[in-house]
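> A structural model of the following input is requested.
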Amino acid sequence: MNAGKYPSGKMEKCNAYVRDKPNDALASAPAAPPETKPKVDVLAGVKHVIALNLGLTDEEREELSVDDVVTDGSNRLGMDELDRVDVEFGLEDEFDVDISDDEFVKAGTIVGLAKVIEAKVSGSSKK
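This is a model prediction of the structure:
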């Protein structure tokens, strides 16, 4: 070390000043806001996952209606059972939730799926 660089006692005074003086900048800093989940546009996310899994173009995705049925092969989207499972897994990955087959079928429509996911994301879902 550079023991001989500082005159005797000066370094000790400096250390005492730094050690004993409160850090006013930290003491007066506002507390960090509590961590919150960002708001997510769930309906747009559901439409995006459906469009991605069905191979829809951007125009076709924009034409998706919230009332489009997602549970049977006779729907306007032409989803079969495999498509439904792909969409279900895609939604689970996208929103980090678990959706049972029954919940998916009961939801029935795009807006129904969005409501199920919103409930799960907000933590109000009961399993």
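> the lengthiest helix in the chain - what's its average pLDDT?
Longest helix in the chain, counting residues (DSSP state H): helix 81-95. Across helix 81-95, the average pLDDT comes to 92.
> give me the neighbour count for the nearest residue to E103 once chain neighbours are set aside.
Closest residue in space to E103, ignoring its immediate chain neighbours: V116 at 5.4 Å, by CB to CB, 6 or more residues apart in numbering. C-beta: built from backbone N, CA, C; applies to glycine. Counted with other CB atoms under 10 Å, the neighbours of V116 add up to 22.
> one more: K120?
So K120, with other CB under 10 Å, has 20 neighbours.
> any idea which element it lies in?
Using DSSP states H and E, the element containing K120 is helix 110-122.
> angle of that helix against helix 81-95?
40 degrees (axes from the mean of the first three to the mean of the last three CA atoms, to 10 degrees).
> ok, back up a step: the residue nearest to E103 contacts I99, correct?
Yes: using CB atoms under 8 Å, V116 is in contact with I99, at 6.6 Å.
> all good on my end, thank you.
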